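Colleague: based on what follows, work out the 3D shape:
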Amino acid sequence: MNSKDIITRPLVSITSGGTVLEAARMMVENNLGLLVVCDPKDNGLRGVVSERDIIRSVAAGKDATMKVESISTPNVVTVKWNSEIADAAKAMNKHRIRHVVVVDDASKPVGVVSMRDLVGERSTLRAILQSHDKEVFPGGD
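Modeller: Numbers count the residues shown, from 1 in each chain. All right, here's what the predicted structure looks like:
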């Protein structure tokens, strides 16, 4: 089973020039915890912005009309669309994150896989365990 097979929602992205307020509204409207930040010219991956990024921004007293790129994470953990789902699980475990961005062969974002997507279906869990049991969950029984 490949990463693209467990993407449960269409990609929701915001341009790097969008505001923090717009990002928050998009997350609420789409019931998401993470948005992909894209370059407005070529739709290239510029970063991600999470609920936590927005909360930290608000808690620090930052203006909600500031550009989303000022609070986004630029170094995005990605997996290729045709990689095994175990690779997505390993990346999340290694980097202690809840989402990875799935990219195509040109490194353009095509979707997001969340921890919820990974644990949402038995077949997904079974495929992860069968393909990379000890690699994904080192030290696990």
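
Colleague: can we go C-alpha only for contacts and neighbour counts from here?
Modeller: OK.

Colleague: distance-wise, check A106 relative to N2.
Modeller: Counting by Cα to Cα, to the nearest Å, the gap between A106 and N2 amounts to 17 Å.

Colleague: neighbour count for those two, which is higher?
Modeller: Set side by side, A106 and N2 show more neighbours around N2, with 17 against 8, by other Cα atoms under 10 Å.

Colleague: who's in contact with that one?
Modeller: For N2, the residues meeting the contact criterion (Cα atoms under 8 Å, 6 or more residues apart in numbering) are 81-85.

Colleague: PyMOL command to pick out the buried ones of those?
Modeller: Buried members of these can be picked out in PyMOL with the line below, counting by 16 or more other Cα atoms under 10 Å:
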select buried, resi 81+84+85
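
Colleague: okay if I get the contacts of N2 as a markdown table plus pLDDT and secondary structure?
Modeller: Formatted as a markdown table, the contacts of N2 follow (pLDDT from 0 to 100; DSSP: H, G, I helix; E, B strand; the rest coil):
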| residue | pLDDT | secondary structure |
| --- | --- | --- |
| W81 | 94 | coil |
| N82 | 95 | coil |
| S83 | 94 | coil |
| E84 | 90 | strand |
| I85 | 88 | helix |
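
Colleague: now the contacts of N2 in a markdown table, with distance to V36?
Modeller: Formatted as a markdown table, the contacts of N2 follow (distance: Cα to Cα, whole Å):
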| residue | distance to V36 |
| --- | --- |
| W81 | 15 |
| N82 | 19 |
| S83 | 19 |
| E84 | 21 |
| I85 | 20 |
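
Colleague: any low-confidence regions in the protein?
Modeller: 121-141 (pLDDT under 70).

Colleague: make it 80
Modeller: Low-confidence regions of the chain, defined by pLDDT under 80, span residues 119-141.

Colleague: where do the strands of the protein begin and end?
Modeller: Read by DSSP state E, the chain holds these strands, from start to end of the chain: 13-15, 34-38, 45-50, 78-80, 99-103, 109-114.

Colleague: paired strands for the last one, with orientation please.
Modeller: For strand 109-114, the paired strands and their directions (DSSP bridges) are strand 99-103 (antiparallel).
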